[in-house]
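Novice: based on what follows, work out the 3D shape:
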Amino acid sequence: PAPLPSAAPSWPDKKVPKDPNMPKRPRTSFFHFSCEVREAEREKHPELSFGDLSKLIGKQWAEMDTEQRQLYVDLEAADKARYAQEMLAYNGSTGEVGKKKRKAKKKTPEVRSEPHCDMSDGDGGNSLTIHEGASDDDDDDEP
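Specialist: The predicted structure is shown next:
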């Protein structure tokens, strides 16, 4: 017997596969700190979930002064330099670093010669036309 057609349409997957040769993005200074401290904090607090452990590490990071953070800021700068060099090698001699920029769509504004509102039914019947300079509160009945 032939298989029954499925109810859901089978569209092709629109996700573009990642290039396995593309260099890894650089880590932030906080991420360098987190990777260094996480294992020790996990041993100190085995009862904490991943999210609670992350909150604890984030709190430690927030309490650090700039001198203590400098080591991780330097690691971040070195990692950015590594990434830039690897991207230059990956992209060849094009000089591009990072993602390719998308071309922005140009919007063409609607240009009207005179402001107006024409609401007609198309057969010459009732229509409302407002032209420049006209206002809807002009009443000829009042003196």
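
Novice: low-scoring pLDDT stretches of this structure, where are they?
Specialist: Residues of the chain meeting the criterion pLDDT under 70: 1-13, 93-143.

Novice: how about the strands in it?
Specialist: Listed in chain order, the strands of the chain (DSSP state E) span 117-120, 127-130.

Novice: need the longest helix for the chain.
Specialist: helix 66-91 (DSSP state H).

Novice: so what's Met22 up against?
Specialist: Neighbour list for Met22: Tyr90 [criterion: Cβ atoms under 8 Å, 6 or more residues apart in numbering]. Every C-beta, even on glycine, is put in place using the N, C-alpha and C of the backbone.

Novice: tell me how far it lies from Lys14.
Specialist: 19 Å (Cβ to Cβ, to the nearest Å).

Novice: one more: Asn91?
Specialist: 24 Å.

Novice: try Ser54
Specialist: For Ser54, the distance to Lys14 (Cβ to Cβ) stands at 32 Å.

Novice: between the two, which one's more packed in?
Specialist: Ser54 (14 against 5; other Cβ atoms under 10 Å).

Novice: residues in contact with the more buried one?
Specialist: Counted by Cβ under 8 Å, 6+ apart, Ser54 has contacts Ser34.

Novice: repeat that with 10 Å
Specialist: Contacts for Ser54 (Cβ atoms under 10 Å, 6 or more residues apart in numbering) come out as 34, 38, 41, 48.

Novice: same check, this time on Pro23
Specialist: Here Pro23 is in contact with 82-91 (Cβ under 10 Å, 6+ apart).

Novice: next: Arg25.
Specialist: Contacts of Arg25 (Cβ under 10 Å, 6+ apart): 79-80, 83, 87, 98.

Novice: CSV please, covering those and showing neighbour count and distance to Gln70.
Specialist: Shown next, in CSV, are these (neighbours: other Cβ atoms under 10 Å; distance: Cβ to Cβ, whole Å):
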residue, neighbour count, distance to Gln70
Asp79, 18, 15
Lys80, 15, 15
Tyr83, 18, 20
Met87, 18, 26
Gly98, 10, 25
